[in-house]
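Participant: 3D, please:
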Amino acid sequence: MLKIFNLKKRNFLFFFIAILLFSQSKINKVYSEIKNIQNTIDIEYLENTNDNFYILGEGDFLSIKVLEFIDNLSKIQVLIDMQGNIVLPEIGRVYVSGLTINELENLLNKKFQKIIIEPDIKISIITPKPIKVTVSGEVKNPGMYTFFYGDPLPNNEETSFGTLGFTPTVFNAIQKAGGISPYSDLTNIEVIRQNSLSNGGGQIKTNLNLLEVLTTGDKSQNIKLNNNDNIYVAKGNEKITFKIKEALKSNINSPFINVYISGDIRSPGPLNLKRDTDLNTAILISGGQSFFKGNVTLSRFTSDGGYSNKKFRFNRNNKRGSKKNPYLKEGDIIYVGKHSLKVVNEIVNDLTRPFVGIYSTYKIFD
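Facilitator: Predicted structure coming up:
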């Protein structure tokens with residue numbers, strides 16, 4: 001019996017060690033993948049917009065010219081499908097996702113050489129794919145964001161794809177993520193990008209100083225984004241400095257916030273308010289205030305994923321931005337309760353309503 005017990009213990013020990021070794025191999029794999037990201041590179045490299053840097057993918061709408069004097073090959077228009085393929089006359093399906101324009105031209109030249117003497121493929125982008133980026137770190141709403149071709153053009157900027165849309169920048173991505181917080185380190189913003197095969201493949205990264213963009217107007221730090229870019233805003237060691245306060249006043253943070261209000265008000269529901277709106281103003285906008293007001297509960301999500309509840313007594317004389325009348329933040333939920341006298345009045349009404357009904361019926365037949 002003791003031998004069986006020891007055998008079970010030994011088998012369990014071997015199993016446990018195997019699990020540890022497997023877990024360690026997974027950790028090593030992840031660590032090696034992180035190490036494969038190349039060292040910080042010059043910003044100028046990421047700003048390249050020529051045909052050897054733009055990486056093709058699902059949603060890119062292409063114009064391909066093979067031979068001008070053959071109708072079905074003079075101007076081919078194709079959309080890269082969900083699997084990363086295009087279908088061309090004479091050669092059929094071709095997987096193109098992950099290639100640059102130059103790389104695809106070289107690939108198609110080789111394929112068309114089998115049926116055409118000295119082909120000279122020319123490719124251009126008619127409509128670029130949506131640009132999806134991930135924003136994380138010290139921003140209001142971290143997550144994945146998508147920019148579509150045809151989005152409003154900010155400040156009449158010109159782009160490499162014309163004037164119907166714009167090529168988003170790091171600044172635009174942080175705006176979409178709700179803007180910065182008082183602890184955002186704008187001098188240390190990391191961008192990780194997929195490198196083209198022609199330029200070595202793998203991932204490359206650079207660090208930006210967006211504070212220079214906001215304080216000196218140095219736009220070289222505000223690089224244009226590519227699809228699947230990852231943007232990380234570091235957290236500073238200390239709370240906001242004077243320069244960051246100036247940055248918060250800029251349009252990197254949206255001038256509006258969205259809150260929700262309910263309870264004893266005339267117009268419950270979502271509100272789109274100016275960023276410096278206080279609690280009292282939101283209540284007044286949603287239906288004013290009566291003499292008998294109950295407690296106001298303000299629910300707010302915290303940076304660690306939780307939320308806090310604070311109760312306030314409504315008083316229109318409370319100073320804006322004070323502890324009794326705080327400025328609102330994105331995602332705040334406001335509940336306006338009923339005053340105790342109002343609750344008592346409603347109870348009395350509920351109790352007396354049947355008698356009022358009986359009395360009214362009696363008067364009809366009287």
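Participant: quick one, helices of the protein?
Facilitator: Here the chain has its helices, by DSSP state H, at 2-35, 43-46, 71-74, 101-112, 170-176, 210-216, 242-249, 279-285, 340-365.
Participant: what comes up buried for stretch 222-242?
Facilitator: Residues of stretch 222-242 classed as buried by neighbour count (16 or more other Cβ atoms under 10 Å): 222-234, 236, 240. For the C-beta atoms, the positions are set from N, CA and C on the backbone; glycine is no exception.
Participant: how many residues are close by residue 261?
Facilitator: 24 (other Cβ atoms under 10 Å).
Participant: and for the nearest residue to it once chain neighbours are set aside, the neighbour number?
Facilitator: Using Cβ to Cβ, 6 or more residues apart in numbering and skipping residues adjacent in sequence, the residue nearest residue 261 is residue 334, 4.3 Å away. The burial count assigned to residue 334 is 23, neighbours taken as other Cβ under 10 Å.
Participant: in the sheet, who's paired with residue 334?
Facilitator: For residue 334, the beta-bridge partners are residue 261, residue 298 (DSSP bridges).
Participant: who touches it in this structure?
Facilitator: Each residue near residue 334 by Cβ atoms under 8 Å, 6 or more residues apart in numbering is listed here: 259-263, 279, 282-283, 296-299, 328.
Participant: TSV for those, including distance to residue 80 and pLDDT?
Facilitator: As requested, the contacts of residue 334 are exported to TSV (distance: Cβ to Cβ, whole Å; pLDDT from 0 to 100):
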residue	distance to residue 80	pLDDT
259	41	88
260	40	88
261	45	90
262	46	87
263	51	85
279	50	92
282	47	91
283	51	90
296	53	90
297	51	90
298	48	91
299	45	88
328	44	90
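Participant: identify the farthest-apart pair in the residues you listed.
Facilitator: Put simply, by Cβ to Cβ the two of these set farthest apart are 263 and 328, 15.5 Å from each other.
Participant: ok, the two, which is more surrounded?
Facilitator: residue 328 (23 against 16).
Participant: residues near the closest residue to residue 127 other than its chain neighbours, how many?
Facilitator: Residue nearest to residue 127 in three dimensions, not counting chain neighbours: residue 61, with 4.1 Å by Cβ to Cβ, 6+ apart. Neighbour count of residue 61, defined by other Cβ under 10 Å: 14.
Participant: could you check how far residue 61 is from residue 119?
Facilitator: Distance check for residue 61 against residue 119: by Cβ to Cβ, to the nearest Å, it reads 22 Å.
Participant: before we move on, back to that, now a PyMOL select for only the buried ones of the contacts of residue 334.
Facilitator: Selecting only the buried entries of the contacts of residue 334 in PyMOL, with 16+ other Cβ under 10 Å as the criterion:
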select buried, resi 259+261+263+279+282+283+296+298+328
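Participant: shaky segments in the chain?
Facilitator: Within the chain, the ranges that satisfy pLDDT under 70 run 1-52, 68-72, 151-166, 238-254, 288-294, 302-306, 339-366.
Participant: tell me how the protein divides into domains.
Facilitator: Per the record, the chain has its domains at 58-127, 131-249, 256-342, by automatic domain parsing.
Participant: winner for burial among these?
Facilitator: When the domains of the chain are scored by mean count of other Cβ atoms under 10 Å, the highest mean neighbour count falls to domain 131-249 (a mean of 17).
Participant: so in that sheet, which strands flank the top strand by length along the chain, and in what orientation?
Facilitator: Taking DSSP state E as the criterion, the chain has its longest strand at strand 184-194. In the sheet, strand 184-194 lines up against strand 203-208 (antiparallel), strand 230-235 (antiparallel) (DSSP bridges).
Participant: out of these, nearest to residue 287?
Facilitator: strand 230-235 (38.2 Å).
Participant: skipping adjacent residues, who's closest to residue 301 in space?
Facilitator: residue 307 (4.9 Å).
Participant: the one you found contacts residue 298, doesn't it?
Facilitator: No - using Cβ atoms under 8 Å as the test, residue 307 is too far from residue 298 to be in contact (10.4 Å).
Participant: now the strands paired with strand 184-194 in JSON lines, with distance to residue 190?
Facilitator: Shown next, in JSON lines, are the strands paired with strand 184-194 (distance: least, Cβ to Cβ, whole Å):
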{"stretch": "strand 203-208", "distance to residue 190": "5"}
{"stretch": "strand 230-235", "distance to residue 190": "4"}
